[in-house]
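In: show me how the following folds:
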Amino acid sequence: MIPEIILDLKAKNKVDAIDELAQLLFDTAKINDKDSYISDLLNREKLLSTYCGSNIAIPHSVSEVVNEASFAFGRSQGLIWDEDDDMVNFVIMLAIPKLKEGEDTVHIEMMSAIAELALDDDIRKLWGDATTKQDIINTFN
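Out: Residues are numbered from 1 along each chain as shown. Predicted coordinates:
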C-alpha cells in the first residue's frame with residue numbers, strides 16, 4: 001500500500017492536520033465524503049488520543065465513506081496534537097473501510113505494520129531527512 005504524502009503540513013494543530021490529510025485522501029478518491037470521514041476520525045479521537053509518543057500521531061477510524069483501505073502521511077515542523085502531548089512531527093492517518101460480513105479486516109494489520117515502522121528511530125530519521133515523496137514511500141515498502 002502506497003501512502004498519499006504531504007512533506008510540509010501547514011497545520012499547527014490536530015484538527016487542521018486531519019483536515020489537510022483528509023483533503024488529500026478525498027482528492028485521490030480514497031474517501032468519498034471528507035466531512036463524514038473527519039467526523040468519524042474526531043469521534044474516534046474523543047475515545048482515546050492517537051498520539052503515540054516519539055512525535056507521532058496515527059489518527060484512524062473505520063468509516064463507511066472509505067473507498068479503499070489507504071493511508072496518508074504528513075510531515076510537520078511541529079504541531080500540537082493534544083494539550084499535554086509533545087509536538088507532533090509525523091501524522092499517519094489511516095482510512096479503514098467498514099467491512100461487510102465475511103470480509104477480512106485490514107485494520108489490525110495496517111495499524112501494526114505502521115506502528116512498528118513509526119516507532120523505529122532510524123525510520124523516523126529517514127522521514128525527517130526525506131527530500132522527496134519517494135524517500136518516504138521507500139520506507140513503507
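In: helix, strand, or coil at S76?
Out: Look at S76: counting by DSSP: H, G, I helix; E, B strand; the rest coil, its state is strand.
In: check contacts around it.
Out: Going by C-beta atoms under 8 Å, 6 or more residues apart in numbering, S76 touches 8-9, 11, 17, 88-91. Any C-beta I mention is one placed from the backbone N, CA and C, and that applies to glycine too.
In: shaky segments in this protein?
Out: Within the chain, the stretches with pLDDT under 70 are 100-107.
In: break down it into its strands, ranges please.
Out: For the chain, the strands defined by DSSP state E cover 4-6, 51-53, 56-57, 60-63, 70-79, 88-97.
In: partners of the shortest one, with directions?
Out: Right, strand 56-57. strand 51-53 (antiparallel), strand 88-97 (parallel) (DSSP bridges).
In: of the ones you listed, which stretch is the most buried?
Out: Scoring these by mean neighbour count under mean count of other C-beta atoms under 10 Å gives strand 88-97 as the most buried, with a mean of 23.
In: dump the C-alpha coordinates for that one into PDB.
Out: Extracted in PDB, the C-alpha atoms of strand 88-97 (Å, rounded to 0.1, in the frame of the first residue of the first chain):
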ATOM      1  CA  VAL A  88       3.900  16.000  16.600                       C
ATOM      2  CA  ASN A  89       6.200  15.900  13.500                       C
ATOM      3  CA  PHE A  90       4.700  12.900  11.700                       C
ATOM      4  CA  VAL A  91       1.000  12.200  11.200                       C
ATOM      5  CA  ILE A  92       0.000   8.900   9.600                       C
ATOM      6  CA  MET A  93      -3.700   8.800   9.000                       C
ATOM      7  CA  LEU A  94      -5.400   5.500   8.300                       C
ATOM      8  CA  ALA A  95      -8.500   5.200   6.200                       C
ATOM      9  CA  ILE A  96     -10.200   1.900   7.000                       C
ATOM     10  CA  PRO A  97     -13.300   0.800   5.100                       C
END
